[in-house]
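Q: Return atomic coordinates for the entry below.
(chains A and B)
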2 protein chains.
Amino acid sequence: MPAISSPGKTRGFIVPIGGAEDRSGGRLILRRFLRLCGHNPSIAIIPTASRKEDTGKLYQDLFRDLSSANSEVLNFTDRDQCDSPASLDFLERCDGVFITGGNQLRLSTTIGGTPVAKMLRRRNADGMPIGGTSAGAAIMPEHMIASGDEGATPRARMAQLAPGLGLSNKIMVDQHFRQRDRMGRLLSAIALNPFAVALGIDEDTAAFIGPDNIVEVVGSGTVTFIDPFDMRQSSVAEAEDGDVLQLTNLHLHVLKHGGRFNLDTRQPLPELGV
Amino acid sequence: MPAISSPGKTRGFIVPIGGAEDRSGGRLILRRFLRLCGHNPSIAIIPTASRKEDTGKLYQDLFRDLSSANSEVLNFTDRDQCDSPASLDFLERCDGVFITGGNQLRLSTTIGGTPVAKMLRRRNADGMPIGGTSAGAAIMPEHMIASGDEGATPRARMAQLAPGLGLSNKIMVDQHFRQRDRMGRLLSAIALNPFAVALGIDEDTAAFIGPDNIVEVVGSGTVTFIDPFDMRQSSVAEAEDGDVLQLTNLHLHVLKHGGRFNLDTRQPLPELGV
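A: Down below sits the predicted model:
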């Protein structure tokens, strides 16, 4: 379950990005994320998923260019660092958190269950936006797609789940969706967790999930929503490793920039006038 | 529209196969197709889609092994050959027709609209089964997916349609579905033809479509059914070449061996007891 909001507060935006967001042109997604965080916001960047040394610095420079953001890189590389008073103090005061790409299992096994994870959950519940790209998007839900195989149709054990950060239990997230052909993997994940709405997010595309649980799609690709609320037949329980899976009565929506979906009513909404 | 059945007759089975069906092991799909055609059936093999010289012979040998079938290869390579009395005479008398893989546009532009195509439509309407693999599957519906691009999410002009044989107007067919990651292409085709149910058929998998419009899945993969009966938002009309497409309220079913779907009620059916 997500953390409970304090009295009088509402949850902040949750912004999973499908990876490879535009970082040199209009930078629409990053710009919009920063705008949610306020004027000259102070942003904590968590590059734990990445193996590259300069990932944190790259976003620090970008955020400075885009909004004079005063950001700090918090590179937790082992669990011991996840109770550092200086880091927790910055996370307590900052206006937004951005989680970079890399390996989501490294991210979740480093910060999961630590004071850093608790702080992120509490601050988001009380209104602070959290954005993340690729692995940083995958980790946001309660149940995270940790790894899997490519392909259009589902098979048993094609997707492996692991605990995520738990900012929402209404969604699951897969990223690089079109680019890595992950429909089968998303369907296999839905077979394991037929409660959440599964979001397959293309590169350079984001799902801006508001406090009202309305998702708005931003970017150049699409977000594929697979909703299992009405699922009838599922062969996942009796399937053996690699068996093809039978799944019926799923609802499917493909939304592009401006498209909106209500996670509570589980219905797409009309586009806002532009 | 499919040809109208003669008084007292009902349509024969339509059997699209997703390509690469098992030809050396249990050969379940081919065996089952031949069984539909009767005892020691006489089969017309149409290898027009293929560029390989021995494609017709390969199936002739297979069918002889499997059921002592007495088959004939009718290799129409240009439209002039499609009113040959000898070929039409064999097609008038045979118990089943099998159309091989290759290039579906070569197939459709060679036989489409000729006496051969008319004969196939009439014989199927009066009860004769027609099977086909890969290109031979794609050509069966009224609207054929002629070509397209790979990927999980739809884009404008990602799928090109062309006239098919028109054995059914209730379906569209894509083949090698999982192996060539054709979800986006199938969704793009549905955007152009939101009347039919789109079938994405994996390799070594077939949809046996009965005279009652009940589809049964046979083989080692799955058939993905995308049903647009309830589709609400579609951006296809205003999209430019390559634009991502928005499509909402599609219904999705993934069925494996034994799974059944009713094309009239547009509902999956319980599996038959085994």
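Q: For the nearest residue to A:Ile14 once chain neighbours are set aside, give me the backbone phi and psi.
A: Closest residue to A:Ile14 apart from its sequence neighbours, by CB to CB, 6 or more residues apart in numbering or on different chains: A:Ile209 at 4.4 Å. (C-beta placed from N, C-alpha, C; glycine too.) Dihedral angles of A:Ile209 (phi, psi; degrees, to the nearest 10) stand at phi -100, psi 110.
Q: A:Ile209 contacts A:Ser168, correct?
A: Yes. Counting by CB atoms under 8 Å, A:Ile209 does reach A:Ser168; the two are 6.8 Å apart.
Q: which residue does the stretch 1-150 of chain A bring closest to chain B?
A: Of all residues in the stretch 1-150 of chain A, the one sitting closest to chain B is A:Glu150 (7.4 Å; CB to the nearest CB).
Q: Please identify the helix or strand for the closest residue to that residue other than its chain neighbours.
A: Sequence neighbours aside, A:Asp181 is the residue nearest to A:Glu150 in space, at 4.6 Å (criterion: CB to CB, 6+ apart). In this assignment (DSSP states H and E), A:Asp181 forms part of neither any helix nor any strand.
Q: neighbours of A:Asp181, just the number please.
A: Using other CB atoms under 10 Å in any protein chain shown, A:Asp181 is surrounded by 23 other residues.
Q: Surely it touches B:Phe177?
A: No. With contact defined as CB under 8 Å, A:Asp181 does not count as touching B:Phe177 (11.4 Å).
Q: got any residues that touch both of these two?
A: Counting by CB atoms under 8 Å, 6 or more residues apart in numbering or on different chains, the contacts common to A:Asp181 and B:Phe177 are A:Ala152, B:Met183.
Q: can you map out the helices along the stretch 1-150 of chain A?
A: A:28-37, A:55-67, A:85-93, A:104-111, A:115-125, A:135-138 (DSSP state H, counting those that start in this stretch).
Q: Point out the most buried one among those helices.
A: Highest mean neighbour count of the helices of the stretch 1-150 of chain A: helix A:135-138, a mean of 29 (counted as mean count of other CB atoms under 10 Å in any protein chain shown).
Q: Not counting its own residues, what contacts that helix?
A: Contacts to helix A:135-138, defined as CB under 8 Å, 6+ apart, come from residues A:16-19, A:46, A:49, A:98-104, A:106-107, A:144-146, A:164, A:173-175, A:201.
Q: how many other residues sit next to A:Ala146?
A: A:Ala146, neighbours per other CB under 10 Å, totals 20.
Q: for the longest strand seen in chain A, packing partners?
A: Scanning chain A for the longest strand, with DSSP state E as the assignment, gives strand A:247-256. Strand A:247-256 sits against helix A:183-192, strand A:222-227, strand B:247-256, with contacts defined as 3 or more CB pairs under 8 Å, 6 or more residues apart in numbering or on different chains; DSSP states H and E.
Q: Kindly reformat those as TSV containing mean neighbour count, mean pLDDT and distance to B:Gln267.
A: Shown next, in TSV, are those (neighbours: other CB atoms under 10 Å in any protein chain shown; pLDDT from 0 to 100; distance: least, CB to CB, whole Å):
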stretch	mean neighbour count	mean pLDDT	distance to B:Gln267
helix A:183-192	26	95	19
strand A:222-227	26	98	17
strand B:247-256	24	97	9
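Q: Tabulate these (JSON lines), appending distance to B:Gly112.
A: Shown next, in JSON lines, are those (distance: least, CB to CB, whole Å):
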{"stretch": "helix A:183-192", "distance to B:Gly112": "32"}
{"stretch": "strand A:222-227", "distance to B:Gly112": "34"}
{"stretch": "strand B:247-256", "distance to B:Gly112": "29"}
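Q: how about those, which one is nearest A:Gln233?
A: Among these, the nearest to A:Gln233 by CB to CB is strand B:247-256 (8.2 Å).
Q: So what's the gap between that closest one and the chain middle?
A: 19 Å (CA atoms, centre = their mean, to the nearest Å).
Q: Same check on stretch A:145-159?
A: 18 Å.
Q: A:Glu21 is in contact with A:Phe33, isn't it?
A: No. The pair A:Glu21 / A:Phe33 is not scored as a contact, 9.3 Å apart, by CB under 8 Å.
Q: Show me whatever sits in contact with both of the two.
A: A:Ala206.
Q: Alongside chain B, which residues does the stretch 51-200 of chain A contribute?
A: A:150-154, A:177-179, A:181-184, A:187, A:200 (CB under 8 Å from any CB of the partner chain).
Q: can you tell me which of the residues you listed lies nearest to A:Val236?
A: Closest to A:Val236, out of all of these and judged by CB to CB, is A:Pro154, at 8.6 Å.
Q: Leaving out the residues flanking it, which one is nearest to that closest one?
A: Spatial nearest neighbour of A:Pro154, excluding adjacent residues (CB to CB, 6+ apart): A:Leu187 at 3.8 Å.
Q: Surely that neighbour and B:Thr222 touch.
A: No. A:Leu187 is beyond contact range of B:Thr222, at 9.7 Å (criterion: CB under 8 Å).
Q: Which neighbours do the two have in common?
A: A:Thr153, A:Pro154, A:Leu245, B:Val254.
Q: Tell me where chain A is predicted with low confidence.
A: Applying pLDDT under 70 to chain A flags the ranges A:272-274.
Q: Report the central residue of it.
A: A:Ala137 (2.7 Å; CA atoms, centre = their mean).
Q: Beta-bridge partners for the residue nearest to that residue when sequence neighbours are not counted, please?
A: Of all residues not flanking A:Ala137 in the chain, A:Pro16 sits nearest, at 3.3 Å (CB to CB, 6+ apart). Assessed by DSSP bridges, A:Pro16 has beta-bridge partners A:Gly132.
Q: dump the residue contacts of A:Pro16.
A: In this structure, A:Pro16 makes contact with A:131-132, A:136-138, A:140, A:173, A:175, A:199, A:201, A:206-207, A:209, judged by CB under 8 Å, 6+ apart.
Q: before we move on, what about A:Leu187?
A: A:Thr153, A:Pro154, A:Ala198, A:Ile226, A:Leu245, A:Leu247, A:Leu250, B:Val254.
Q: got it, and A:Phe90?
A: A:Ser42, A:Ala44, A:Glu72, A:Leu74.
Q: Please dump those into JSON lines; it should also carry distance to A:Glu216 for every row.
A: Listed next are the contacts of A:Phe90 as JSON lines, based on distance: CB to CB, whole Å:
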{"residue": "A:Ser42", "distance to A:Glu216": "25"}
{"residue": "A:Ala44", "distance to A:Glu216": "24"}
{"residue": "A:Glu72", "distance to A:Glu216": "28"}
{"residue": "A:Leu74", "distance to A:Glu216": "28"}
